[in-house]
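Q: Sequence plus predicted model, see below.
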Amino acid sequence: MGREFDYVIVGGGSAGCVLANRLSADPNVSVLLLEAGGPGRSLFVDMPSAFAIPMASKEFNWGYYSAPEPYLDNRRIDCARGRGLGGSSAINGMVYVRGHARDFDEWETLGADEWNYRTCLPYFQRAETWMHGGDDYRGGSGPLRTNNGNNRKNPLYDAFIEAGREAGYGLTDDYNGHRQEGFGPMHMTVGKGLRWSTRRGYLQPAMSRANLTVLTGAHADRVEFDERRAVAIHYNHRGKSFVARARCEIVLSAGSIGSPSILQRSGVGGVSVLNEAGIEPYCELPGVGANLTDHLEVYFQYRCRQPITINGKLDPISKAMIGAQWLLTKTGLGASNHFESCGFIRSQAGMESPDIQYHFLPAAVRYDGNAAFEGHGFQVHVGPNKPESRGHVRVTDRHIDAEPEILFNYLSTEKDRNDWRLCLRLTREILGQPALDPYRGDEIQPAVDLDDNEAVDRWVRENVETAYHPSCSCKLGASDDDMAVVDSHCRVRGVEGLRVVDSSIFPSIPNGNLNAPTIMVAERGAALIRGESILESEAKPWICPEWQTRQRESDPIRPLFTGRHEAVDFDGQVS
């Protein structure tokens, strides 16, 4: 435990497992991976449909909560983060969304030099084995397996896609490929009927390498510096303190909560934050822990007029039969996260790329897997994906076990609140299309008058939930950006021998779930550490030709509903 290594990686999660694999591929370097949690093994982790179980477990989840959120009626919001090898890729919903090409072009405009779609796409491809094989956009031989679960056997999946088309939106065969915008099948990090976490895809194949050491139960405390160079990590293991020394570099991959906390405990951060926590400042970087952002979502829930939903499979006997089939064959309902169709739309004309995302679920359930009501139902998870609101992560004490203060400041801007009003109106219209007529019963929620902004705002404050996408708390940026924490090579500013490689370095949050871009960042970070030339792609994204003047591609097929179900015209305005 007191040995010296070439590289010390802190955090064995979505990014850390990638780094451990790629760096240890060079037999001439030694790599230590430190993970605070355990080995991350469990049938409930491996079974895709059981993802609510490890997320609710202290063994696999750090169990963070935000401070009272001032714009959400002072509610404390769950901030689940993976604990154990695989990190959040071992407890998340396995949804695989890269984000739109313009999200990464935006990174470059925000000061992330040479981080754009052209230079990020090759690392998405390097990571992936897509079920249909590789092409100009998808990967065909990477460690991460992706597929469409059970290929939309439930008719509700395709009815939702058709409803999007009837509402005037386009269709996409592959939202992770040429075209994100539109409605189509959804992808998940599942292979051979198993959750394909980074532990399974990246770390397990590398565990036999003599130059890779993996230590679980090792909680990183702080970085030790000699002059301005990071030389060691202090960590606790089984109640004792140890030091791991790095000849080349230390890489923090502890996530958007863990990485800024370790930096702050090391004296790297804003001076006022460090002083309030009783920590002597070593390197002033006010952006450490700042710029924190996240996605929010709500559920639109409807009763279903036909007994075809997963609500009919939530009784103990049905669950046992699903589990038995999965254990024996790795097939059936247990082999999917059940998010098998989706949509990405622009909320209004004048936007070049989508900012609203839909996950469709042929069930009406809470996130813990319990039924929302008696009988059959279905729901759509939806939320605006480009929020302005920003928060922070701040250590409150120098002690390793003191939980940080996490505050997102959700919905703190009028734009964010207005985005929600528009989002709900557009969503109700989509779900009212003819394709869903044979299935749609009463609306369970939101069931509010969407013309009444005050009522909408109140309902959102009371019901909105996190999508579990915290990011941007150690953002990558230009040298003239005082809030930038790392440079374009992921190196922490003001010191040497220290990098951050995880979702905390995102300059802004992409339009989609964050596991795929986190893995991409780790693939590219590993290439930078190894001194490889940055790869580039000439593949182009699809952009709606009339994006400047139209919110969708065509007019809806028919006016939708009456009364509280208002129609919305193709420019996104209530009519």
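A: Happy to help now that I have it.

Q: which residues of the stretch 1-150 of the chain fall in strands?
A: 4-10, 31-35, 64-65, 78-79, 128-130, 144-146 (DSSP state E, counting those that start in this stretch).

Q: so can I have JSON lines of the ones you listed showing distance to D221 and mean pLDDT?
A: In this view, the C-beta of every residue, glycine as well, is placed from N, C-alpha and C. JSON lines is the format used below for these (distance: least, CB to CB, whole Å; pLDDT from 0 to 100):
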{"stretch": "strand 4-10", "distance to D221": "10", "mean pLDDT": "98"}
{"stretch": "strand 31-35", "distance to D221": "11", "mean pLDDT": "98"}
{"stretch": "strand 64-65", "distance to D221": "18", "mean pLDDT": "97"}
{"stretch": "strand 78-79", "distance to D221": "21", "mean pLDDT": "96"}
{"stretch": "strand 128-130", "distance to D221": "35", "mean pLDDT": "98"}
{"stretch": "strand 144-146", "distance to D221": "31", "mean pLDDT": "98"}
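
Q: Please work out which of the ones you listed is packed deepest.
A: Mean neighbours per residue, mean count of other CB atoms under 10 Å, is largest over those for strand 31-35, with a mean of 28.

Q: Check which helices and strands it sits against.
A: If contacts are counted by 3 or more CB pairs under 8 Å, 6 or more residues apart in numbering; DSSP states H and E, strand 31-35 sits against strand 4-10, helix 16-24, strand 212-216, strand 218-226.

Q: these two touch, right, S504 and L476?
A: No. Assessed by CB atoms under 8 Å, S504 is found out of contact with L476, at 9.3 Å.

Q: neighbour count winner among these two?
A: Looking at S504 and L476 with other CB atoms under 10 Å, you find the greater number of neighbours at S504, namely 33 against 26.

Q: would the more buried one count as being in a helix?
A: Yes. Applying DSSP: H, G, I helix; E, B strand; the rest coil, one finds S504 inside a helix.

Q: Got the confidence number for it?
A: pLDDT, S504: 98.

Q: Contacts only, for it.
A: Counting by CB atoms under 8 Å, 6 or more residues apart in numbering, S504 touches 255-256, 259-260, 471-475.

Q: got the residues you listed as TSV, with neighbour count and pLDDT columns?
A: Listed next are the contacts of S504 as TSV, based on neighbours: other CB atoms under 10 Å; pLDDT from 0 to 100:
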residue	neighbour count	pLDDT
G255	26	98
S256	30	98
S259	31	98
P260	32	98
S471	25	98
C472	23	98
S473	32	98
C474	32	98
K475	27	98
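
Q: between these, which is nearest E414?
A: Of all those, C472 has the smallest distance to E414: 20.8 Å, by CB to CB.

Q: just checking, that closest one touches I509?
A: Yes. Between C472 and I509 there is a contact under CB under 8 Å: 6.1 Å.

Q: so what sits against both of these two?
A: T293.

Q: quick one: low-confidence parts of this protein?
A: Along the chain, the parts satisfying pLDDT under 70 run over 1-2, 368-369, 558-575.

Q: if you set the cut-off to 80 instead, what comes out?
A: Applying pLDDT under 80 to the chain flags residues 1-2, 366-372, 558-575.

Q: can you give me the helices in it?
A: With DSSP state H as the criterion, the chain has helices at 16-24, 43-46, 52-55, 101-109, 117-127, 155-166, 198, 204-206, 255-265, 271-276, 316-329, 414-431, 453-463, 515-529.

Q: tell me the centre residue of the chain?
A: Geometric centre of the chain, nearest residue: L514, 2.5 Å, by CA atoms, centre = their mean.

Q: tell me the phi and psi of that one?
A: Dihedral angles of L514 (phi, psi; degrees, to the nearest 10) stand at phi -100, psi -10.

Q: dump the residue contacts of it.
A: L514 makes contacts with 469, 471, 503, 506, as judged by CB under 8 Å, 6+ apart.

Q: ok, back up a step: a markdown table for the contacts of S504, including distance to R22?
A: Below are these laid out as a markdown table (distance: CB to CB, whole Å):
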| residue | distance to R22 |
| --- | --- |
| G255 | 18 |
| S256 | 21 |
| S259 | 19 |
| P260 | 24 |
| S471 | 22 |
| C472 | 24 |
| S473 | 24 |
| C474 | 21 |
| K475 | 23 |
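
Q: what about the longest strand in the protein?
A: strand 240-252 (DSSP state E).

Q: Next, report how far it is displaced from the centre of its chain.
A: Here the centre of strand 240-252 is set off from its chain's centre by 28 Å, with CA atoms, centre = their mean, to the nearest Å.

Q: now that strand against strand 218-226, angle please.
A: Interaxial angle, strand 240-252 versus strand 218-226 (axes from the mean of the first three to the mean of the last three CA atoms, to 10 degrees): 70 degrees.

Q: which other helices and strands contact strand 240-252?
A: Packed against strand 240-252 by the contact rule (3+ CB pairs under 8 Å, 6+ apart) you find strand 4-10, strand 218-226, strand 229-237, helix 255-265, strand 498-500, helix 515-529.

Q: Of these, give the one that comes closest to R76.
A: Smallest distance to R76 across the helices and strands packed on strand 240-252 (CB to CB): 14.7 Å, for helix 255-265.

Q: Roughly how far does the residue nearest to the centre of the chain sit from S504?
A: L514 is 11 Å from S504, where distance means CB to CB, to the nearest Å.

Q: Please name the nearest non-neighbouring residue to A349.
A: In this structure, A349 finds its nearest non-sequential neighbour in Q551, 4.7 Å apart by CB to CB, 6 or more residues apart in numbering.

Q: Same check on G255?
A: G255 sits nearest to D502 (CB to CB, 6+ apart), 5.4 Å away.

Q: swap in S488?
A: Nearest one to S488, counting by CB to CB, 6+ apart, is D113 at 4.2 Å.

Q: ok, now F183?
A: Per CB to CB, 6+ apart, closest to F183 is G164, 3.2 Å.

Q: And S336, by the same measure?
A: Nearest non-adjacent residue to S336, counting by CB to CB, 6+ apart: G149, 3.3 Å away.

Q: pretty sure the one you found contacts L333?
A: No. With contact defined as CB under 8 Å, G149 does not reach L333; the gap is 9.4 Å.

Q: In space, what's closest to P541 - neighbours in sequence excluded?
A: Leaving aside its sequence neighbours, P541 sits nearest to A101 (CB to CB, 6+ apart; 3.6 Å).
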